[in-house]
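Chemist: Sequence below, structure please.
(one chain, ligands or ions: 1)
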Amino acid sequence: MGSPPSRPRFSQFPGPLPKTRERIELRRFAGHVDHEERVSHLRIAHLTDQHFGRVTPHAVQLAAVELANEQKPDLVVITGDFVCHSQAFLDQLESTLKLLDAPIIGVLGNHDHWSGASAVRKALRKAGVEVLDNAHTIVTLRNQQLQVVGIDDAYTGHADPEQAVKGLRHDLPTIGLSHIPEEADHLWELGVPLVFSGHTHAGQVTLARMHELFLGRLIGHKYVHGLYGCRTRTLGPKGAVYVGAGIGAAVVPVRIGERARRELAVFELGASAGATWEHHGEQPALPGRPPSEKTKEKRRKQLERKKRKHPPEPEAE
Ligand SMILES: [Fe+2]
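Modeler: Below you'll find the predicted structure:
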């Protein structure tokens, strides 16, 4: 990873943040056994679906960054949907992410492609974020190497996991990033044992397991919120995926139910799975249903329509 642009220190945070803190849940987990064997300790903070825009107050965005900084992470990973239907809040995105006091690596989501991927990438790079578009990188954090694989958004048809792992080293501890959680199945097969993702917002309403009904049964997600898969190389899936509940919203800001709350997840790589301080353990996957050809075609047309609204800027950088 090249050296990122200099970023303001946490002490330059703009003012107090009353009443927003209790709106963000902090959930802690251990990493995969593969990390336990290869890492003494690395702390990863995971944010997703920030959706900078009108629906999500700036105070919430700042509170999320403040909470992340307080955890003193070695690395922050962000799994897409930085914006919300528009490029109008890219300055806010840039200035807020600059306040994160750790290296940042991210991947794009469907909203970023819908709103103009090149403009979002540019804002992210200006904020010091390393954006992985079907690629991987190696970062050195407190003298420990960590390999990070990032795949581009699968919802809009940009994911290419095979490309992302070309040249991947199998002697290094590795994590993966993908906006769409179901891509984890493929990444596990390619040697990525723990994948961070988002997109679902945990369903936003989790009372009476409504999120599992809506996102699982109706939309066809296997992974709706939290931890799935396996972190111990016993029988079953070859890896684990974490689906973050996200910070922002794209349509309505409603979040009802404990699981639906805005969230920062912190993963302690090097710790053993099953520790008492973990928020929860691996949950069974829902049956899931991959998108049909008709659905994929519908999504392609949706992307074309949105791209006409936000034509890409010439790549000036
Ligand atoms: Fe999304």
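Chemist: immediately after the lowest-mean-pLDDT helix or strand in the chain, which helix or strand?
Modeler: None of the helices or strands of the chain scores lower by mean pLDDT, DSSP states H and E than helix 210-211, at a mean of 60. Sequence-wise, the next helix or strand downstream of helix 210-211 (DSSP states H and E) is strand 226-229.
Chemist: so what strands line up beside the next helix or strand after that next one?
Modeler: Note on strand 226-229: by DSSP H and E, the next helix or strand toward the C-terminus is strand 240-243. Its sheet considered, strand 240-243 pairs with strand 194-197 (parallel), strand 226-229 (antiparallel) by DSSP bridges.
Chemist: looking at these, which is buried most?
Modeler: Among the strands paired with strand 240-243, ranked by average contacts under mean count of other C-beta atoms under 10 Å, first place goes to strand 194-197 (a mean of 29). In this view, the C-beta of every residue, glycine as well, is placed from N, C-alpha and C.
Chemist: Residues touching that one, excluding its own?
Modeler: 31-32, 34-35, 44, 46, 48, 77, 79, 174-181, 183-184, 187-188, 223, 231, 239-244, 265, 267 (C-beta atoms under 8 Å, 6 or more residues apart in numbering).
Chemist: burial count for the nearest residue to residue 53 once chain neighbours are set aside?
Modeler: Nearest residue to residue 53, sequence neighbours excluded (C-beta to C-beta, 6 or more residues apart in numbering): residue 84, at 3.2 Å. Applying other C-beta atoms under 10 Å, we find 23 residues neighbouring residue 84.
Chemist: Residue 84 contacts residue 55, correct?
Modeler: Yes - using C-beta atoms under 8 Å, residue 84 is in contact with residue 55, at 5.9 Å.
Chemist: list residues touching both of the two?
Modeler: 248, 249, 250.
Chemist: Kindly state the beta-bridge partners for the closest residue to residue 103 other than its chain neighbours.
Modeler: Spatial nearest neighbour of residue 103, chain neighbours left out: residue 75 (5.5 Å); criterion: C-beta to C-beta, 6+ apart. On the basis of DSSP bridges, residue 75 is bridged to residue 44.
Chemist: Run through the residues that contact residue 75.
Modeler: 42, 43, 44, 45, 102, 103, 104, 105, 139, 141, 146, 148.
Chemist: Secondary structure element holding residue 137?
Modeler: Element membership of residue 137, judged by DSSP H and E, is strand 135-141.
Chemist: Extract the CA atoms of stretch 223-231 and return them as CSV.
Modeler: Extracted in CSV, the C-alpha atoms of stretch 223-231 (Å, rounded to 0.1, in the frame of the first residue of the first chain):
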residue,chain,number,x,y,z
TYR,A,223,-26.7,-14.0,4.7
VAL,A,224,-28.8,-11.2,6.2
HIS,A,225,-26.9,-9.9,9.3
GLY,A,226,-24.0,-10.9,11.4
LEU,A,227,-21.7,-13.9,11.3
TYR,A,228,-22.2,-17.0,9.1
GLY,A,229,-20.0,-19.8,7.9
CYS,A,230,-17.2,-21.4,10.0
ARG,A,231,-14.1,-20.0,11.5
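Chemist: And the most centrally placed residue in the chain, how close does it get to the ion?
Modeler: The centre of the chain sits closest to residue 79, judged by C-alpha atoms, centre = their mean, with a distance of 2.2 Å. Distance of residue 79 to the ion, given as C-beta to the ion, to the nearest Å: 9 Å.
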